[in-house]
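> sequence unknown, structure follows:
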């Protein structure tokens, strides 16, 4: 399985991140350990929503959509 995940910072209000991974538990650990340059300064993080996909291309396409303008609006209304 491949997961598109939405996480939010527990320290900085309003700071969100969207990503894709095959191992959600390990990836959240990476974010909280500071291994991701983009999220290190906002740690710790918590998972708000995740969606499972059976194949990686579909997961990556949905992640790209969530990072687009209309995807941001959708996520704000439905996923955060």
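On my side now, so go ahead. What you are looking at is a predicted structure, and each value in this text was computed from that prediction instead of being measured.

> quick one: residue 24 from residue 53, how far?
Separation of residue 24 from residue 53 (C-beta to C-beta, to the nearest Å): 12 Å. No exception for glycine: its C-beta is placed from N, CA and C like everyone else's.

> between the two, what contacts are shared?
residue 3 (C-beta atoms under 8 Å, 6 or more residues apart in numbering).

> So which residues make contact with the helix or strand bottoming out on mean pLDDT in the chain?
Ranking every helix and strand in the chain by mean pLDDT, DSSP states H and E puts helix 69-78 at the bottom, with a mean of 95. Residues from elsewhere that reach helix 69-78 (C-beta under 8 Å, 6+ apart): 6, 18, 64-66.

> Weed out the non-buried ones from those.
With burial judged by 16 or more other C-beta atoms under 10 Å, the buried subset of the contacts of helix 69-78 is 6, 18, 66.

> is it possible to export those residues to a markdown table including pLDDT, secondary structure and distance to residue 38?
Converted to a markdown table, these look like this (pLDDT from 0 to 100; DSSP: H, G, I helix; E, B strand; the rest coil; distance: C-beta to C-beta, whole Å):
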| residue | pLDDT | secondary structure | distance to residue 38 |
| --- | --- | --- | --- |
| 6 | 98 | strand | 14 |
| 18 | 98 | strand | 11 |
| 66 | 98 | helix | 15 |
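
> Next, the buried residues of stretch 65-72.
Going by neighbour count (16+ other C-beta under 10 Å), the buried part of stretch 65-72 is 66, 71.

> so residue 44 makes contact with residue 10?
Yes. Residue 44 lies in contact with residue 10 (C-beta atoms under 8 Å); the separation is 4.9 Å.

> hang on, the earlier thing: next, format the contacts of helix 69-78 as CSV and append distance to residue 79.
Below are the contacts of helix 69-78 laid out as CSV (distance: C-beta to C-beta, whole Å):
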residue, distance to residue 79
6, 6
18, 9
64, 15
65, 12
66, 8
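
> Widest-spaced pair of these?
6 and 64 (14.0 Å; C-beta to C-beta).

> how about the helices in this structure?
24-33, 56-66, 69-78 (DSSP state H).
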